[in-house]
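[1] Sequence and predicted structure, then a few things I'm wondering about:
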Amino acid sequence: MEGLEQFIRFTGFANITLGHVIMLSVGLLFIYLAIAKEYEPLLLIPIGFGILIGNIPFLENIGMQVGIYEDGSVLNYLYFGVLKGIYPPLIFLGIGAMTDFSALLSNPKLMLLGAAAQVGIFLTFMAALALGFSVNEAASIGIIGGADGPTAIFLSSRLAPDLIGAIAIAAYSYMALVPVIQPPIIKLLTTPEERKIKMKPPRAVTKLEKIIFPIVGLILTTFIAPGALPLLGMLFFGNILKESGVTKRLADTASKALIDIVTILLGLTVGASTQATTFLTHQSILIFILGAISFMIATAGGVIFAKVMNLFLKGDDKLNPMIGAAGVSAVPDSARVVQSMGLKEDPSNYLLMHAMAPNVSGVIGSAVAAGILMGFLLKIL
């Protein structure tokens, strides 16, 4: 009977709480959205299943070594890559090896839209400060507005490691929900006539330009924000592997096998970090709210700035202001949203290549913003 009693005490049924039920429901919702709605399935399925793993109730603090926060557990070792910011630069390496910067190089002024979308980061930073978060925590929360999960994880691993789970989940959640969040904001800020604007085709970009860009881009961005070197260094390294034409095997490995492996580990451990006993707090709820506000402000900032640019442009040079929404870093989902909305307004209006320019510049912009914040705040530590 004593053995039976002990067995029952060890079961999940004996240790389940309302928090576990809530988080298990969230995990199931993520998996549903990934499969039924196809919202970023490569992210939401690992994260959703990770939430299920992290919220199987068990008897804590008895040396079982099964929870992600228990020293010696396998999940704790895998989570080390999140806590120390190891996974984000590897993700950036893969992104660089997959990304074609031709659209940006053919129309460099669109880089301004990627910069404008980062306004959400700094406004949310101030809002988080007003709500009582420390300056380092506020900076880590603000970066969610860039819709760039790896950058959010990297910055919070440096400035606010205690909040890394909530920040990572919020950032990846809003990345996955781009097709839900962005269209209403874009419609609110644009007229039907603006949404029908056709942009002139981008010019052809030479191979030499593509090779020079990652070298010049690395030097310029990291001289401004050395704190972003681990992210931007790997991003531009991956891109030159792709564009050089002589390292195809390395580029293929970075853009396929490596990024897939890291995405699995990152998504699973970030999901598992939502263990109800440590994750469900007042701070986590505030982070989700602030993250949503940050992302909406970033989207609006890009659209509004595109409209402002149109005041100074004439004829075929005018921009379809919807492409400003792609200035957030959710590559390529934001660009696809713009493409889809453009086709609904006019079936002959293809905006994908134009939208990719602010989209990829948003990736660079959010990393630079993270580096700038580190440059200011690491002095305070």
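    Yes, it's here.
[2] pLDDT below threshold where in the stretch 51-200 of the chain?
    Within the stretch 51-200 of the chain, the ranges that satisfy pLDDT under 70 run 61, 147.
[3] Then the stretch 251-381 of the chain?
    In the stretch 251-381 of the chain, residues with pLDDT under 70: 379-381.
[4] show me where it has helices.
    Counting by DSSP state H, counting those that start in this stretch, the stretch 251-381 of the chain has helices at residues 259-272, 276-279, 282-310, 333-345, 352-377.
[5] Grab the most central residue of the chain for me.
    residue 148 (2.1 Å; CA atoms, centre = their mean).
[6] Need the phi and psi values for the nearest residue to that one once chain neighbours are set aside.
    Nearest non-adjacent residue to residue 148, counting by CB to CB, 6 or more residues apart in numbering: residue 329, 3.6 Å away. Heads up, the C-betas are built off the backbone N, CA and C, glycines and all. Main-chain dihedrals, residue 329, degrees, to the nearest 10: phi -90, psi 10.
[7] nearest to residue 9, of the helices of the stretch 251-381 of the chain?
    helix 276-279 (16.3 Å; CB to CB).
[8] Output that closest one in PDB, but only the C-alpha positions, please.
    Extracted in PDB, the C-alpha atoms of helix 276-279 (Å, rounded to 0.1, in the frame of the first residue of the first chain):
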ATOM      1  CA  ALA A 276       3.100  26.600 -15.300                       C
ATOM      2  CA  THR A 277       4.700  26.600 -11.800                       C
ATOM      3  CA  THR A 278       7.300  29.200 -12.900                       C
ATOM      4  CA  PHE A 279       5.800  30.700 -16.100                       C
END
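[9] And it, what does it pack against?
    helix 18-36, helix 164-176 (3 or more CB pairs under 8 Å, 6 or more residues apart in numbering; DSSP states H and E).
[10] ok so, going back, contacting residues for the residue nearest to the centre of the chain?
    The contact partners of residue 148, by CB atoms under 8 Å, 6 or more residues apart in numbering, come to 171, 175, 328-330, 362-363, 366-367.
[11] now it: how far from residue 355?
    Taking CB to CB, to the nearest Å as the measure, residue 148 falls 16 Å from residue 355.
[12] ok, now residue 264?
    Counting by CB to CB, the separation of residue 264 from residue 355 is 28 Å.
[13] neighbour count winner among these two?
    residue 355 (30 against 15; other CB atoms under 10 Å).
[14] Touching, that one and residue 326? I think so.
    Yes. Between residue 355 and residue 326 a contact is recorded at 4.1 Å, counting by CB atoms under 8 Å.
[15] who touches both of those two?
    The overlap between the contact sets of residue 355 and residue 326 (CB under 8 Å, 6+ apart) consists of 334-335, 338.
[16] Please convert those to a markdown table, extending it with neighbour count and distance to residue 203.
    Shown next, in a markdown table, are the shared contacts of residue 355 and residue 326 (neighbours: other CB atoms under 10 Å; distance: CB to CB, whole Å):
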| residue | neighbour count | distance to residue 203 |
| --- | --- | --- |
| 334 | 29 | 23 |
| 335 | 26 | 19 |
| 338 | 29 | 20 |
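[17] nearest to residue 199, of those?
    residue 338 (11.2 Å).
[18] Compute the distance between the residue nearest to the closest one when sequence neighbours are not counted and residue 334, please.
    Once flanking residues are discounted, residue 338 sits nearest to residue 355: 4.1 Å by CB to CB, 6+ apart. With distances taken as CB to CB, residue 355 is found 7 Å from residue 334.
[19] and for the two, which residues touch both?
    residue 326.
[20] Might you report the residue contacts of the nearest residue to residue 351 once chain neighbours are set aside?
    Distances taken as CB to CB, 6+ apart put residue 342 closest to residue 351, at 4.1 Å, once the chain neighbours are dropped. The contact partners of residue 342, by CB under 8 Å, 6+ apart, come to 195, 320, 322, 349-351.
[21] now for those, which pair is the farthest apart?
    195 and 350 (13.5 Å).
[22] can you pull the alpha-carbon coordinates of stretch 193-207 into CSV?
    Only the C-alpha atoms of stretch 193-207 are listed here, as CSV (Å, rounded to 0.1, in the frame of the first residue of the first chain):
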residue,chain,number,x,y,z
GLU,A,193,-6.7,53.5,-54.0
GLU,A,194,-3.4,53.3,-52.1
ARG,A,195,-3.7,49.5,-51.9
LYS,A,196,-4.0,49.3,-55.7
ILE,A,197,-0.8,51.3,-56.4
LYS,A,198,1.5,49.4,-58.8
MET,A,199,5.2,49.8,-58.3
LYS,A,200,7.7,49.6,-61.2
PRO,A,201,9.6,46.4,-61.5
PRO,A,202,12.9,46.2,-59.6
ARG,A,203,16.1,46.5,-61.6
ALA,A,204,18.4,43.5,-62.2
VAL,A,205,21.1,43.2,-59.6
THR,A,206,24.6,42.0,-60.6
LYS,A,207,26.4,39.1,-58.9
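[23] Pull out the buried positions in that stretch.
    Within stretch 193-207, the residues that count as buried by 16 or more other CB atoms under 10 Å are 194-195, 197, 199, 202, 205.
[24] which ones among the residues you listed are found in strands?
    Using DSSP state E, no member of the buried residues of stretch 193-207 sits in strands.
[25] Distance to residue 75 added to those residues, as TSV?
    Output for the buried residues of stretch 193-207, formatted as TSV (distance: CB to CB, whole Å):
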residue	distance to residue 75
194	49
195	46
197	50
199	48
202	46
205	45
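[26] hmm, back to that, if you rank the contacts of residue 342 by neighbours, which is first?
    residue 322 (30 neighbours).
[27] closest one to residue 220 among the helices of the stretch 251-381 of the chain?
    helix 352-377 (9.7 Å).
[28] quick check: angle from the closest one to helix 333-345?
    150 degrees (axes from the mean of the first three to the mean of the last three CA atoms, to 10 degrees).
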